[in-house]
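Participant: structure, please.
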Amino acid sequence: MATVTDAALLQLIWLASPALPIGGFSYSEGVESAIDAQLVTDEESAARWLLDQLHLTLARSDLAVAAQAIQAWRDQDLERIAALDAWVLQTRETSEMRQQTEQMGRSLVEWMKSVRPELVAGSARHLTYPVAFALAASATCAPVHDCLLALAFGWAENMMQAALKSVPLGQSAGQRILGRLALEIPAAVDTARLLDDANRQAFSPMLAILSARHETQYSRLFRS
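Facilitator: Numbering: from 1, shown residues only. I've put the predicted structure just below:
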């Protein structure tokens, strides 16, 4: 069974870090709007919301795309990369969702130009975030499974922080939520790896409605 080397593990931790300057901390992905609608009001409802989001949206969409894109980058299958990138854009249901994936993808490409220029040499093409993450992760030589764990945990940390600031919650509550997400991430990754093009999906109508409402929400801390 393939295992991740120390160097690859450290690179994945780096990519998952909230300190990575790609702006993930500035998005709540509908959490702030859910709080405004009183769908999320405390630690338990925040945890349930994020667990549902992990399994119903992230696993079936961005994680599934990243799983396929990592291998496509390693195979240098640029046609496949373009198709996956286009799918991400086509399935973003609101301007906020599209702005997030474009901005984070663009920022990650700029980060790679600074620290790993060989990965993007000769290419100025913008990438959506899951496809850009796949490019960075593909260079670690880590197994796809481990790359997806890193992507999902980075998402979980950002979403926990969004809930912590917006509900608001205390640090201990935030850590308990993160612990619950961490326990569920491996199953979400396993689901994502099984999804092919016909079964990948981005159908989350309530999240899309909340995202659309957030665009005109009176008081906001986050960009989504």
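Participant: leaving out the residues flanking it, which one is nearest to the residue nearest to the spatial centre of the chain?
Facilitator: Central residue of the chain (C-alpha atoms, centre = their mean): residue 155, 4.9 Å from the mean position. Spatially, and ignoring its direct neighbours in sequence, residue 155 is nearest to residue 58 (6.1 Å; C-beta to C-beta, 6 or more residues apart in numbering). To be clear about C-beta, it is placed using only N, CA and C from the backbone, and glycine gets the same treatment.
Participant: quick one: the helix or strand harbouring the residue nearest to the centre of the chain to chain centroid distance?
Facilitator: If you go by DSSP states H and E, residue 155 is part of helix 144-166. Helix 144-166 sits 7 Å away from the centroid of its parent chain (C-alpha atoms, centre = their mean, to the nearest Å).
Participant: again with stretch 59-74
Facilitator: Relative to its chain's centre, stretch 59-74 lies at 11 Å (C-alpha atoms, centre = their mean).
Participant: thinking again about what came up before, after the helix holding residue 155, which helix or strand is next?
Facilitator: Next along from helix 144-166, by DSSP H and E: helix 171-194.
Participant: residues making contact with whichever helix or strand comes after that next one?
Facilitator: Sequence-wise, the next helix or strand downstream of helix 171-194 (DSSP H and E) is helix 205-214. Residues from elsewhere that reach helix 205-214, judged by C-beta atoms under 8 Å, 6 or more residues apart in numbering: 29-30, 32-34, 36-37, 39, 53, 57, 93-94, 96-97, 220, 224.
Participant: next up, the contacts around residue 186.
Facilitator: Residues in contact with residue 186 (C-beta under 8 Å, 6+ apart) are residue 149.
Participant: any idea how far residue 102 lies from residue 95?
Facilitator: Residue 102 sits 10 Å away from residue 95, going by C-beta to C-beta, to the nearest Å.
Participant: neighbour count: these two, which is higher?
Facilitator: More crowded of residue 102 and residue 95, by other C-beta atoms under 10 Å: residue 102, with 17 against 12.
Participant: my read: that one touches residue 132, true?
Facilitator: No: using C-beta atoms under 8 Å as the test, residue 102 is too far from residue 132 to be in contact (10.0 Å).
Participant: list the contacts of the nearest residue to residue 158 once chain neighbours are set aside.
Facilitator: In space, and not counting its chain neighbours, residue 158 is closest to residue 24: 4.5 Å by C-beta to C-beta, 6+ apart. Neighbouring residues of residue 24 by C-beta under 8 Å, 6+ apart: 18, 104, 154, 155, 158.
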